[in-house]
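Enquirer: sequence and predicted model, in that order:
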Amino acid sequence: MSRLLFWLALAVLVVFAIRAKIQAARARADRANRFDAAPGAVSPAEGGEAMTSCAHCGLYFPASEAVRADGLDYCCPAHVRLPAP
């Protein structure tokens, strides 16, 4: 009888462990889908700032420092005048 209880308890623990892993994966996917950033922008980490890349040189920098022109982000005014590759 004790063997049966042991295997039953083990099966229950395995089922709970699998359910916890599935719920954690779903929560992680929901957090990833929550950020609808513009193309070229990287979603911010917890407590961080959103990053974006320059349309000319590809340098990543804070989105708050972006120079925006024609719907694109640039790292400096000089790159606005240069063509995007």
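Expert: That came through, no problem.

Enquirer: rest of the way, CA atoms for contacts and neighbours
Expert: Fine.

Enquirer: can you give me the end-to-end span of stretch 53-69?
Expert: Start-to-end span of stretch 53-69 (Cα to Cα, to the nearest Å) is 13 Å.

Enquirer: chain center to that stretch: distance?
Expert: Put simply, stretch 53-69 sits 19 Å off its chain's centre (Cα atoms, centre = their mean, to the nearest Å).

Enquirer: list the buried ones in that stretch?
Expert: Residues Ser53, Cys54, Ala55, His56, Tyr60, Phe61, Pro62, Ala63, Ala66, Val67, Arg68 are the ones in stretch 53-69 that count as buried (16 or more other Cα atoms under 10 Å).

Enquirer: any idea of the mean pLDDT in it?
Expert: Mean pLDDT, computed over stretch 53-69, is 90.

Enquirer: per the record, what domains does the chain have?
Expert: The record assigns the chain these domain ranges, following automatic domain parsing: 1-34, 39-85.

Enquirer: least reliable of the ones you listed going by mean pLDDT?
Expert: domain 39-85 (a mean of 82).
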